[in-house]
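**Student:** Quick one, what's the 3D model for this:
(chains A and B)
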Amino acid sequence: MRVNLTVNGRPQQADDVWEGESLLYVLRERLGLPGSKNACEQGECGSCTVRLDGVPVCSCLVAAGQAEGREVVTVEGLADLAGRRAEGGELAPVQQAFIDAGAVQCGFCTPGLLVAADEMLERNPNPSDEDIREALSGNLCRCTGYEKIMDAVRLAAARQQEAV
Amino acid sequence: MDFLRPASWQEALAAKAEHPAAVPIAGGTDVMVEINFDHRRPEHLLDLNRIADLYEWEVGEESVRLGASVPYTQIMENLRAELPGLALASRTVASPQIRNRGGVGGNLGTASPAGDAHPALLAAGAEVEVESVRGSRRIPIDAFFTGVKRNALAADELIKWVHIAKADGPQQFSKVGTRNAMVIAVCAFGLALHPATRTVRTGIGSAAPTPVRAKAAEEFLNAALEEGGFWDNGRIVPPSVAAQFAQLCSGACNPIDDVRGTAGYRRHAVGVVARRTLAWTWESYRGARRVTEGAA
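**Tutor:** Numbering: from 1, shown residues only, chains lettered A, B, ... in the order given. Below you'll find the predicted structure:
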């Protein structure tokens, strides 16, 4: 079947999509957007997190056909999205913060964490540690032990506060 | 495989009548896992995402009419006052990503003994409204779960609404797992006090082939509270009564040993959370009484 959707602001069309295919597969294998990662395929790890009509979801659990006509933002679109929020730059602030805080090791979980953290900061510019933990509770990292990731999100929040 | 995308509820019912084996998919948090892992290859997937009715809820006099696809996130954020037990249970579902997609209709459709919503629905009192081209009917929650991952739906029926009694007293939900997020219950327990009828209702998850109520425990506690005049005098429930209640809740379990825990552990843990949730709800009932009396 054919699926039409908007990805990172651009209308896209995927052909020959199998009916049982996930949105994640469409993004990675048909639209050439490998930023969202494929790991557990059961919604446990969060590495495939994207925004579907603004809401963070595991793209491995969205059937491709369910994304018909909807808007998807992946990690590849985070900088643009930040630009539209007037937080322009080559990277979204949360991406820069992950680099500056050393929150990336192997990097596999990073795209999912970035999408989840960015959405939380948009909703909640001044998060407590509990808020951050809750927002990232569906994203597993097997390298860093989360401390640097917490640092990165706190840093992004602090910079966002300064900018206001 | 065919992907059916009805644009309205009537179209969905017609599609289900035509293809009774079609698998409904809303949040996809159960169905997609089975497809991703090759555990299921249905001939038809029936997508319910475009049916707006299923994402709505209405707060009535006596009950809340909850659309089958209302995501857990919405329940947590919007129905805490009316459905405190279900809101608490919703908070324990997996992660934000999953709570943004999954809802009670899918939980009931899957009918897993570990479904997080079930103990809260059993304790609050609920009816599941299902419909087919033949008409609609309401299935009491006590008659809904018929076996492990089996429910009372006919092949051509879809779940439309869940009618849940509005809380008339404190409710609690407790879930045992290895961490706070992303956990399937080792066991779970829901408790609702119903001061209006001077009754207590329970729901046990993950400790029997289906979610169940601890009816003997409820009857014992109802009688003990009545006999001691506790609903009126607001005294603390005596430890002996709480212990007996906990023991009867354990006795209502019919658990198995599996990777998450042993049957013995589950039975014990259900007793512990039964006692705790009784203490929490009763304490808040007493607190509410004091406030009411103070104001009078």
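**Student:** Residue 98 sits in which helix or strand?
**Tutor:** As the question left the chain open, I've gone with chain A. According to DSSP states H and E, residue A:98 maps onto helix A:93-100.
**Student:** Can you look at chain B instead?
**Tutor:** Using DSSP H and E, residue B:98 falls in helix B:96-99.
**Student:** Which residues does that helix contact?
**Tutor:** By Cβ atoms under 8 Å, 6 or more residues apart in numbering or on different chains, the residues outside helix B:96-99 that reach it are A:43, A:46, A:49, A:56-58, A:61, A:116, A:134-135, A:137-138, B:27, B:29, B:71-73, B:76, B:90, B:93. Bear in mind the C-beta positions are built from the backbone N, C-alpha and C, glycine included.
**Student:** Pull out the buried residues from the lengthiest helix in chain A.
**Tutor:** In chain A, taking DSSP state H as the definition, the longest helix is helix A:147-163. Neighbour-count burial for helix A:147-163 flags A:148-153, A:155-157, A:159-160 (criterion: 16 or more other Cβ atoms under 10 Å in any protein chain shown).
**Student:** measure stretch A:139-153 end to end?
**Tutor:** The first and last residues of stretch A:139-153 sit 14 Å apart, counting by Cα to Cα, to the nearest Å.
**Student:** who in the stretch 1-150 of chain B is up against chain A?
**Tutor:** B:1-3, B:5, B:25, B:27-29, B:31-33, B:35-37, B:41, B:45, B:47, B:49, B:94-98, B:100-101 (Cβ under 8 Å from any Cβ of the partner chain).
**Student:** Buried among those? Make that a ChimeraX selection.
**Tutor:** The buried residues among those can be selected in ChimeraX (16+ other Cβ under 10 Å) with this line:
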select /B:3,5,25,27,28,29,31,32,33,35,36,45,47,49,94,95,96,97,98,100,101
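**Student:** Strands of the stretch 1-150 of chain B, residue ranges please.
**Tutor:** B:2-4, B:23-25, B:44-47, B:57-59, B:63-67, B:126-132, B:135-140, B:145-147, B:150-151 (DSSP state E, counting those that start in this stretch).
**Student:** Leaving out sequence neighbours, find the closest residue to the residue nearest the centre of chain A.
**Tutor:** The centre of chain A sits closest to residue A:115, judged by Cα atoms, centre = their mean, with a distance of 2.3 Å. Leaving aside its sequence neighbours, residue A:115 sits nearest to residue A:49 (Cβ to Cβ, 6 or more residues apart in numbering or on different chains; 4.6 Å).
**Student:** how would you label the nearest residue to residue B:49 once chain neighbours are set aside: helix, strand or coil?
**Tutor:** Nearest non-adjacent residue to residue B:49, counting by Cβ to Cβ, 6+ apart: residue A:66, 5.0 Å away. At residue A:66 the chain is in helix, as set by DSSP: H, G, I helix; E, B strand; the rest coil.
**Student:** count of residues packed around residue A:122?
**Tutor:** Residue A:122: 16 surrounding residues under other Cβ atoms under 10 Å in any protein chain shown.
**Student:** chain center to the helix or strand containing it: distance?
**Tutor:** Assigned by DSSP H and E, residue A:122 falls within helix A:110-123. Chain-centre distance of helix A:110-123: 6 Å, with Cα atoms, centre = their mean, to the nearest Å.
**Student:** Let me know the next secondary structure element after that helix.
**Tutor:** helix A:129-135.
**Student:** and the residue of chain A nearest chain B?
**Tutor:** residue A:138 (2.3 Å; Cβ to the nearest Cβ).
**Student:** quick one: that residue and residue B:100 touch, right?
**Tutor:** No. The criterion here is Cβ atoms under 8 Å, and residue A:138 misses it with residue B:100 at 9.6 Å.
**Student:** quick one: contacts for the residue in the stretch 101-250 of chain B that chain A sits nearest to?
**Tutor:** Taking Cβ to the nearest Cβ, chain A has its nearest neighbour within the stretch 101-250 of chain B at residue B:181, 3.5 Å off. Residues counted as contacts of residue B:181 (Cβ under 8 Å, 6+ apart) are A:134, A:137-138, B:94-95.
**Student:** Just to be sure, it is in a strand?
**Tutor:** No. Counting by three-state DSSP, residue B:181 is not found in a strand; it is coil.
**Student:** average model confidence for stretch A:142-159?
**Tutor:** Average pLDDT, stretch A:142-159: 94.
**Student:** ok, residues contacting it?
**Tutor:** The contact list for stretch A:142-159, computed with Cβ under 8 Å, 6+ apart, reads A:93-94, A:96-98, A:100-103, A:105-106, A:109, A:113, A:117, A:120-121, A:125-127, A:129, A:132-133, A:136, A:141.
**Student:** picking up where we left off before, want to try TSV for the strands of the stretch 1-150 of chain B, with mean pLDDT as columns?
**Tutor:** Output for those, formatted as TSV (pLDDT from 0 to 100):
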stretch	mean pLDDT
strand B:2-4	97
strand B:23-25	98
strand B:44-47	98
strand B:57-59	98
strand B:63-67	98
strand B:126-132	98
strand B:135-140	98
strand B:145-147	98
strand B:150-151	98
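**Student:** As CSV, these with distance to residue B:157 would be great.
**Tutor:** Output for these, formatted as CSV (distance: least, Cβ to Cβ, whole Å):
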stretch, distance to residue B:157
strand B:2-4, 16
strand B:23-25, 10
strand B:44-47, 12
strand B:57-59, 21
strand B:63-67, 16
strand B:126-132, 4
strand B:135-140, 8
strand B:145-147, 13
strand B:150-151, 10
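**Student:** Make sure residue B:24 is actually in contact with residue B:109.
**Tutor:** Yes. Shown here, residue B:24 and residue B:109 form a contact pair, counting by Cβ under 8 Å, at 6.4 Å.
**Student:** Run a quick neighbour tally on the residue nearest to residue A:115.
**Tutor:** Counted with other Cβ under 10 Å, the neighbours of residue A:49 add up to 32.
**Student:** List the contacts of it.
**Tutor:** Contacts of residue A:49 by Cβ under 8 Å, 6+ apart are A:36, A:56-59, A:111-113, A:115-116, A:138-139, B:97.
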